[in-house]
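1. Got a predicted structure here, sequence first:
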Protein chains: 2
Amino acid sequence: MASTRASGTNAVRYGTMSDNILALAVVLPGGEVIHAGTRARKSSAGYDLTHLFVGAEGTLGIITEVTLKLQGLPEAMSAAIVGFAEFDAAVKAVTEIRQAGIPVARIEFLDEVMVTAVNQFSGLSLIERPTLFLEFHGSTTTVHEYAEMAGEITHAWGGSDFQWAVDTGERNALWKARHNAYFASLAFRPGSRSLTTDVCVPISRLAECIIKTKHDLSQSFLTAPIVGHVGDGNFHLLILVDPAKPEDIAEAERLNERLVERALEMGGTITGEHGVGLGKMKFMKAEHGDGVLAVMHAIKRAIDPQNLMNPGKMLPAL
Amino acid sequence: MASTRASGTNAVRYGTMSDNILALAVVLPGGEVIHAGTRARKSSAGYDLTHLFVGAEGTLGIITEVTLKLQGLPEAMSAAIVGFAEFDAAVKAVTEIRQAGIPVARIEFLDEVMVTAVNQFSGLSLIERPTLFLEFHGSTTTVHEYAEMAGEITHAWGGSDFQWAVDTGERNALWKARHNAYFASLAFRPGSRSLTTDVCVPISRLAECIIKTKHDLSQSFLTAPIVGHVGDGNFHLLILVDPAKPEDIAEAERLNERLVERALEMGGTITGEHGVGLGKMKFMKAEHGDGVLAVMHAIKRAIDPQNLMNPGKMLPAL
């Protein structure tokens, strides 16, 4: 959970996972256990080690306890689905919903390929077109108002009427289908594996970024469903490959590289949620430059001088 | 602004200042300029240097540029004042408003001493009793509903009817009076200076913490108005001293020490917003322990090996 900084699909209303972590217990390379942070909601007492260890991908220590902010259950929740003829209209509607300040609890984009995969896997019968899943939290009155405002915006962008999932069973079925998007994608091309990648760009560039990415995909022999936590400017490609075919792997890597380069050109980041690991090490220099990487290396050496913790990951050699 | 991690009074709805910082330019001790973070709203690409430099109090480098998340202006805003006979009822009402999930934009507590000081300084005529200033942001409908829900809770805790400040002029006058609380406090004891201190505790302990602090103050020959960003569990004491009187300074330090020790006993932090500087260095070990301090020192040495940046501040010798 805490291996990357920004996991989770509730970022719009509740912040990223990192924002919700108050304190950690961490085992350091020498075996000592430290406790970073307290149960207080904010602190200015020294360096923010909590946020340093979260997202370090285990390269500085092993997180063994996490203290989270609790979020109360809202009085009312409702979920809605809205389909679009064109995916850029869907993304632009998201941008406008964000700009209008509507506090959407979740707002997820599925492209028509992902909707098809989800239908097949989860037995849904959604129309196979670019689709937004939205969820609103609040009181009965506010949830109704948010939904109405969001509905007016999506309608203005050519979206369908909202298809509602109000009771708990319907909502859970919908989100379960969304959460199974990964397995739905694998099942969409039987025998495939997914090279799953993500980027995050400034929200003002999101529509353009997805449009260009879809254009790349239309020219490729591979299929890659798209799902996005678009309220944050973050989206995922699940590039489906036959692991036995080197040409599939090569093409998936080419598509991933195009995506990452585009995100950087747009002032974004090479990964919004998934982290760096081994796969994205080669892009770290392009995002950060030598100066930032030198600081990261200095921190790594300072805390783990013998390079015991997840060695060889995340930080490329300078 | 970015010298500590958690400045500002809008933490309830909009997060701390630190939560709103996306990227930084920092001049390192060697003179090199680095850029940490991007304009994307989240990232998992390497160590979170942005949050490390924010709140480092200049001990790792000098922040020269800050990229902030923008927040849209809400459609509607309203501010309300509510007074209480007893301050613990005021604090408990805040706790319940938070637990009810009402998205208050600002919720500020002033004790009766601070209200008196603010009245004198800003020409207001508030009743001199523990008082909450609240502000609600949203649509016309939601602002109305939030205010009604909050009003029911404060009423149940014996609060007065809400005194409204709806138009922009009234709201600004109210918040200007609140923002001038520091100067109002100084004017309250002419010729005084303020030893200003703050702590932050888990919200569940806030009422108890303020009650015990008020008890300490009632036994002291010094006066110390209290103002709190109580939605976060954070509050400030402005301990008024005659800088020419060593007994005033000694008593202010004793009160500060009692406050900090109590916050730590309650699982809180020695400072929510103000930072450590020189004054709170002696409490760093009690909050963090040797293990965390050793990590902070290691980071300091790694980034500033010659100890050029704000030397001797924040980190006590091990």
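-> Okay, I see it.

2. Now do the helices in the stretch 51-200 of chain A.
-> A:87-99, A:112-122, A:140-156, A:168-179, A:181-188 (DSSP state H, counting those that start in this stretch).

3. pretty sure A:D290 contacts A:L318?
-> Yes: using C-beta atoms under 8 Å, A:D290 is in contact with A:L318, at 6.7 Å. (Glycine included, C-beta is placed from N, CA and C.)

4. picking that back up, can you tell me which of the helices of the stretch 51-200 of chain A is nearest to chain B?
-> In terms of C-beta to the nearest C-beta, the element of those nearest to chain B is helix A:140-156, at 4.8 Å.

5. how far does the closest one sit from the chain's center?
-> Taking C-alpha atoms, centre = their mean, to the nearest Å, the mean C-alpha location of helix A:140-156 is offset from the chain mean by 24 Å.

6. Double-check A:V201 against A:I211; I have them as touching.
-> No: using C-beta under 8 Å, A:V201 makes no contact with A:I211, being 11.9 Å away.

7. Going by how many neighbours each has, rank these two and give me the top one.
-> A:V201 (28 against 13; other C-beta atoms under 10 Å in any protein chain shown).

8. List the contacts of the nearest residue to the more buried one once chain neighbours are set aside.
-> In space, and not counting its chain neighbours, A:V201 is closest to A:G268: 3.4 Å by C-beta to C-beta, 6 or more residues apart in numbering or on different chains. With contact set as C-beta atoms under 8 Å, 6 or more residues apart in numbering or on different chains, A:G268 has these partners: A:V199, A:C200, A:V201, A:P202, A:R205, A:C209, A:G233, B:T38, B:R39, B:A40.

9. about what we covered before: can I get the helices of the stretch 51-200 of chain A in a markdown table including mean pLDDT, mean neighbour count and distance to chain B?
-> Output for those, formatted as a markdown table (pLDDT from 0 to 100; neighbours: other C-beta atoms under 10 Å in any protein chain shown; distance: least, C-beta to the nearest C-beta, whole Å):
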| stretch | mean pLDDT | mean neighbour count | distance to chain B |
| --- | --- | --- | --- |
| helix A:87-99 | 88 | 21 | 6 |
| helix A:112-122 | 95 | 21 | 21 |
| helix A:140-156 | 92 | 18 | 5 |
| helix A:168-179 | 88 | 15 | 18 |
| helix A:181-188 | 95 | 20 | 17 |
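
10. Tabulate the ones you listed (a markdown table), appending distance to A:L240.
-> A markdown table is the format used below for the helices of the stretch 51-200 of chain A (distance: least, C-beta to C-beta, whole Å):
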| stretch | distance to A:L240 |
| --- | --- |
| helix A:87-99 | 19 |
| helix A:112-122 | 9 |
| helix A:140-156 | 29 |
| helix A:168-179 | 18 |
| helix A:181-188 | 6 |
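
11. what about chain A, any weak spots by pLDDT?
-> A:1-13 (pLDDT under 70).

12. Break it into its domains for me.
-> A:11-71, A:74-275 (automatic domain parsing).

13. How about stretch A:28-45, which residues are buried there?
-> A:28-29, A:34-45 (16 or more other C-beta atoms under 10 Å in any protein chain shown).

14. Can you narrow those residues down to the ones near chain B?
-> A:L28, A:I34, A:H35, A:A36, A:T38, A:R39, A:A40, A:R41, A:K42, A:S43, A:S44, A:A45 (C-beta under 8 Å from any C-beta of the partner chain).

15. Secondary structure and distance to B:V94 added to the contacts of A:G268, as JSON lines?
-> Putting these into JSON lines (DSSP: H, G, I helix; E, B strand; the rest coil; distance: C-beta to C-beta, whole Å) gives the following:
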{"residue": "A:V199", "secondary structure": "strand", "distance to B:V94": "40"}
{"residue": "A:C200", "secondary structure": "strand", "distance to B:V94": "35"}
{"residue": "A:V201", "secondary structure": "coil", "distance to B:V94": "38"}
{"residue": "A:P202", "secondary structure": "coil", "distance to B:V94": "36"}
{"residue": "A:R205", "secondary structure": "helix", "distance to B:V94": "40"}
{"residue": "A:C209", "secondary structure": "helix", "distance to B:V94": "42"}
{"residue": "A:G233", "secondary structure": "coil", "distance to B:V94": "34"}
{"residue": "B:T38", "secondary structure": "coil", "distance to B:V94": "36"}
{"residue": "B:R39", "secondary structure": "coil", "distance to B:V94": "35"}
{"residue": "B:A40", "secondary structure": "coil", "distance to B:V94": "34"}
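
16. I'd like those laid out as JSON lines, including distance to A:A302.
-> Conversion of these to JSON lines gives the following (distance: C-beta to C-beta, whole Å):
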{"residue": "A:V199", "distance to A:A302": "30"}
{"residue": "A:C200", "distance to A:A302": "28"}
{"residue": "A:V201", "distance to A:A302": "32"}
{"residue": "A:P202", "distance to A:A302": "32"}
{"residue": "A:R205", "distance to A:A302": "36"}
{"residue": "A:C209", "distance to A:A302": "36"}
{"residue": "A:G233", "distance to A:A302": "33"}
{"residue": "B:T38", "distance to A:A302": "25"}
{"residue": "B:R39", "distance to A:A302": "29"}
{"residue": "B:A40", "distance to A:A302": "27"}
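
17. quick one: which of the residues you listed is nearest A:S185?
-> Nearest to A:S185, judged by C-beta to C-beta, of those is A:V199 at 17.6 Å.

18. Spit out the contact partners of A:G289.
-> With C-beta under 8 Å, 6+ apart, A:G289 has these contacts: B:I34, B:H35.

19. wait, A:I270 sits on A:K282?
-> No: A:I270 is beyond contact range of A:K282, at 9.6 Å (criterion: C-beta under 8 Å).

20. And these two? Which one has more around it.
-> A:I270 (32 against 13).

21. Quick one: residues contacting that one.
-> A:V199, A:V260, A:A263, A:L264, A:V276, A:K280, A:F283, A:M284, A:A286, A:E287, B:A45.

22. And for it, nearest residue in space, chain neighbours not counted?
-> A:F283 (4.4 Å).

23. got the contact list for the one you found?
-> A:V260, A:L264, A:I270, B:A45.
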